[in-house]
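> Sequence and predicted structure are below.
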Amino acid sequence: MHLEALQELAVGISGERSVDVVLQSIVGGLADQPGVALARVWVTGPGDKCASCRMRATCFDQTTCLHLSASAGTSLRGEEWSRTDGTFQRVPFAHASLSSCPSPVSAIATDRTGQLLDVSACSQWAEPEWIEQEAIESFAGHPLVFRGETLGVLGIFRRAPITEQEFGWLRMFANQAAASVANARAFSELDKLRQQLESHNAYLREEIDSALSFGRIVGRSRALRHVLEQVDDVASTDATVLITGESGTGKELLAREIHERSRRSQRPFVRVNCSAIPREMFESEFFGHVRGAFTGAMRDRPGRFQIANGGAIFLDEIGDLPLELQPKLLRVLQEGEYERVGEDVTRKVDVRVIAATNQNLAEAVRARRFREDLFYRLNVFPLALPPLRDRTDDIPLLAAHAIAAVSKRLRVPAPPLTQADAARLQQYDWPGNIRELENVVQRAVILSKGVRLRLDIALADLTATSTSASDLPDVILTDRECRARERANLVKALEHADGRVYGPGGAAELLGLNPTTLASRLRALKITAPKPR
C-alpha cells in the first residue's frame, strides 16, 4: 500500500455528503491497493437479524452488532466481492469463538484497537478453504472511532504480508475515514431535518392560509368567502372579469389573486390606472408607438397590451376612461388586434383582461357615459367585493395582519391587539375600507412604541371627523331618539364585551367610561347585562 494513495483517498471522501458513497469509496479505494484481495466496512447498527444470525449463541448483547455495509474486491477467478449479505453480514460485539482464535472484527470493535494478523497462523474465524484458494496471507483491521463513539470496523485481506509501516498508514486512514462517515451522517441528518422543517413550514402555511387567508387576501367572513368561491371558479378560465367595490376594498389584490391561480400565472401581470392616463397619451400607453410617431417619440416603445401578451392586464378605474377613447379599447378586447401609434402593421395579442371600478357602470351606461357594448364585453364574470362594514368579522384578522406587516417594515416591536382593541375597531364604519384601516393601524403602531397599541389616539381624529359628518345634515333628534341611540350603543358594547362591565375588554373600557358611571346609566335605562358565556 502507498501512503500517497491513502491520503488521496482520504481527501476524496472528506467532502462527500452521503454515507453510502463514503463507505463504497473507502472499500473501492482500498481494494485498488497492491495485493489487497478484499476490503470491507462493518458499521454499528441494531441487532435486527438475531433470530437468523449464526453467531447468536455466542452473542452477549443482542441489541447492537456490526453490520457489513460495504465490500469490494476481486477473486483470483475474476469474481467480484461486492455483496454484503454473506456469512459475515452480522458480527456481534464481544464475540468469543469456541475456538482458540476469536473474531478479529469483533475484538477490534470491542477493544477499539487495531489488529494485524497472519491468517495462516490462525484461520478458524474465517473460511480456511477461501483463504487457501485466494492465497490470503494477512489481515489488518482498525476501529472507526469518532469523538469516542465506535462507528464500525475497517478491515482488509491481502495476498501479501502487511508491514508495520503500512499498518500504521491504515490506522491514520481509518481515523480520517471515521470523520468522513460522521460528517456524512451529520449532513444526512441535517438534510432530513431540513426536509422535515420544510414540510412543517408548508403545513403551517396551509393552516394559516385555510384559517386566515386566501393567498394574500386576509379574512374568513361569509361575505368574503362567497367572493373567493367565485374566484376559484373563474381563475382557471380565460374569462374577462369585472371587479366592483368601494375604494380601498382590495380590488387589485383580488385581481392579482385571480392571475396567480390561473394558467397564465408565470406570464406578466400588467396594471393600468385608466384615470391617470392623459387623453392624448391613451393610444401610446395602451398600444405603444414607433420612433417619430409624435413629438418626443425618440424611440420605439411597447404598449401595455404588448407587454402583457400571454398574461393578464388589470384595467383599474375603468369607469374613468373617457367616452371617446372607449371604442379603441373595445376593438382590442373583441378582436385581439391593435396598431402601434405611427405604424400600419396590425398586431395580434393574447391577453386576459381583469377590470375594476368603484362606479356603477350600469348607471353610467344608462347616462351614456359608458359604452354599452364595452360594458358587456367587460362584464362577462362580475365580482362584487363587499365593503369592510359588511365583513366586520374580518376586522381583527386584518388589523393583526397589518400590525405584523407595519411592525416588520418599521423595525419596531409588534404591540398586542387586545379584545378591546378589536371591538373598538369593529365599532367604526370604515368608509375608506381596508386602506383606511391599514393607515389607522400604522399610526397606532408608530404611537405605541412597542408597548400598547394606541388606537385611542389613532381613532380620535376619525371619530371626530365622523361626528362632524353626521352633524352636517341639520337634523334635531327628540329626547326619545337620543335615549334610543344611547341604549342601542350600550347594548352593543355589552354584546362585544360578552356581558362584562368591568376589567380589560369590558364594556366600560370599550365606551371610555368609568365602570361605576356605566353601571348607573345601565340602571337608569333599565338595561340588564347578559351573563358572561
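Ah, there it is. Numbers count the residues shown, from 1 in each chain.

> Would you map the strands across the stretch 151-300 of the chain?
For the stretch 151-300 of the chain, strands defined by DSSP state E, counting those that start in this stretch occupy the ranges 213-214, 217-218, 241-244, 269-273, 288-289.

> With mean pLDDT, distance to residue 332 and mean neighbour count added, can I get those in JSON lines?
All C-beta atoms are positioned from the backbone trio N, CA, C, and that covers glycine. Below are these laid out as JSON lines (pLDDT from 0 to 100; distance: least, CB to CB, whole Å; neighbours: other CB atoms under 10 Å):
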{"stretch": "strand 213-214", "mean pLDDT": "54", "distance to residue 332": "30", "mean neighbour count": "18"}
{"stretch": "strand 217-218", "mean pLDDT": "84", "distance to residue 332": "29", "mean neighbour count": "20"}
{"stretch": "strand 241-244", "mean pLDDT": "96", "distance to residue 332": "16", "mean neighbour count": "24"}
{"stretch": "strand 269-273", "mean pLDDT": "91", "distance to residue 332": "12", "mean neighbour count": "18"}
{"stretch": "strand 288-289", "mean pLDDT": "88", "distance to residue 332": "12", "mean neighbour count": "22"}
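
> Including distance to residue 491, could those strands go into CSV?
Converted to CSV, those look like this (distance: least, CB to CB, whole Å):
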stretch, distance to residue 491
strand 213-214, 33
strand 217-218, 29
strand 241-244, 34
strand 269-273, 44
strand 288-289, 61
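
> Which of these sits closest to residue 440?
Nearest to residue 440 among these is strand 217-218; the distance by CB to CB comes to 15.8 Å.

> And the strands of the stretch 151-300 of the chain: which comes nearest residue 428?
strand 217-218 (17.9 Å).

> among the strands of the stretch 151-300 of the chain, which is nearest residue 382?
strand 241-244 (5.0 Å).

> What are the contacting residues of the closest one?
234, 251, 254-255, 258, 318, 353-358, 360-361, 378-385 (CB atoms under 8 Å, 6 or more residues apart in numbering).

> Inside strands: which ones of those?
353-357, 381-384 (DSSP state E).

> contact partners of stretch 265-274?
252, 256, 259, 285-286, 304, 307-318, 320-321.

> Could you export that stretch as PDB, CA atoms only?
Extracted C-alpha coordinates of stretch 265-274, given in PDB (Å, rounded to 0.1, in the frame of the first residue of the first chain):
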ATOM      1  CA  SER A 265     -49.500  32.800 -13.600                       C
ATOM      2  CA  GLN A 266     -46.000  32.600 -14.900                       C
ATOM      3  CA  ARG A 267     -46.700  35.300 -17.500                       C
ATOM      4  CA  PRO A 268     -46.800  39.100 -16.900                       C
ATOM      5  CA  PHE A 269     -49.500  40.800 -14.800                       C
ATOM      6  CA  VAL A 270     -49.700  44.500 -16.000                       C
ATOM      7  CA  ARG A 271     -51.600  47.100 -14.100                       C
ATOM      8  CA  VAL A 272     -53.000  50.200 -15.800                       C
ATOM      9  CA  ASN A 273     -54.800  53.000 -14.000                       C
ATOM     10  CA  CYS A 274     -57.200  54.300 -16.600                       C
END
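
> in the chain, which helix or strand is least confident?
strand 213-214 (a mean of 54; mean pLDDT, DSSP states H and E).

> rewinding a little: of the strands of the stretch 151-300 of the chain, give the one that comes closest to residue 489.
strand 217-218 (28.3 Å).

> So in that sheet, which strands flank the closest one, and in what orientation?
strand 213-214 (antiparallel) (DSSP bridges).

> Show me the domain layout of the chain.
3-189, 217-386, 389-473, 476-533 (automatic domain parsing).

> a markdown table please, covering those and showing distance to residue 195.
Formatted as a markdown table, those follow (distance: least, CB to CB, whole Å):
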| stretch | distance to residue 195 |
| --- | --- |
| domain 3-189 | 11 |
| domain 217-386 | 26 |
| domain 389-473 | 27 |
| domain 476-533 | 43 |
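
> Least reliable of these by average pLDDT, please.
Note on the domains of the chain: lowest mean pLDDT is at domain 476-533, with a mean of 75.

> related to what we said a few turns ago, out of the strands of the stretch 151-300 of the chain, which gets nearest to residue 486?
strand 217-218 (34.0 Å).

> Pull out the buried residues from the contacts of strand 241-244.
Buried residues within these, counting neighbours by 16 or more other CB atoms under 10 Å: 234, 251, 254-255, 258, 318, 353-358, 361, 378-379, 381, 383, 385.

> Closest one of the ones in strands among the contacts of strand 241-244 to residue 154?
Distances from residue 154 to the ones in strands among the contacts of strand 241-244, taken by CB to CB, are shortest for residue 354, at 66.3 Å.

> show me the contacts for that closest one.
240-241, 243, 255, 258-259, 312-315.

> so how far is stretch 422-434 off the chain centroid?
31 Å (CA atoms, centre = their mean, to the nearest Å).

> Also stretch 259-274?
On CA atoms, centre = their mean, the centre of stretch 259-274 falls 22 Å from the chain's centre.

> Check stretch 304-323 too.
31 Å.

> For the stretch 251-400 of the chain, which segments are assigned as helices?
Secondary structure of the stretch 251-400 of the chain (DSSP state H, counting those that start in this stretch): helices at 251-260, 282-287, 304-307, 326-335, 361-366, 372-378, 395-410.

> got the CA coordinates for the second one in PDB?
Spelled out, that is helix 282-287. The C-alpha trace of helix 282-287 is given here as PDB (Å, rounded to 0.1, in the frame of the first residue of the first chain):
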ATOM      1  CA  PHE A 282     -54.000  56.800 -24.300                       C
ATOM      2  CA  GLU A 283     -53.200  55.000 -27.600                       C
ATOM      3  CA  SER A 284     -49.400  55.200 -26.900                       C
ATOM      4  CA  GLU A 285     -49.800  54.000 -23.300                       C
ATOM      5  CA  PHE A 286     -52.100  51.100 -24.300                       C
ATOM      6  CA  PHE A 287     -50.700  50.100 -27.700                       C
END
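
> Run the chain-centre distance for that helix.
39 Å.

> Quick one: list the elements packing against that helix.
Counting contacts by 3 or more CB pairs under 8 Å, 6 or more residues apart in numbering; DSSP states H and E, helix 282-287 packs against helix 304-307, helix 326-335, strand 337-339.

> Can you convert the ones you listed into JSON lines and add a column each for distance to residue 427?
JSON lines is the format used below for the helices and strands packed on helix 282-287 (distance: least, CB to CB, whole Å):
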{"stretch": "helix 304-307", "distance to residue 427": "42"}
{"stretch": "helix 326-335", "distance to residue 427": "42"}
{"stretch": "strand 337-339", "distance to residue 427": "50"}
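
> Same list, those, but as CSV with distance to residue 8 and mean neighbour count please.
Supplementary listing: the helices and strands packed on helix 282-287 in CSV, determined by distance: least, CB to CB, whole Å; neighbours: other CB atoms under 10 Å:
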stretch, distance to residue 8, mean neighbour count
helix 304-307, 56, 19
helix 326-335, 68, 16
strand 337-339, 67, 16
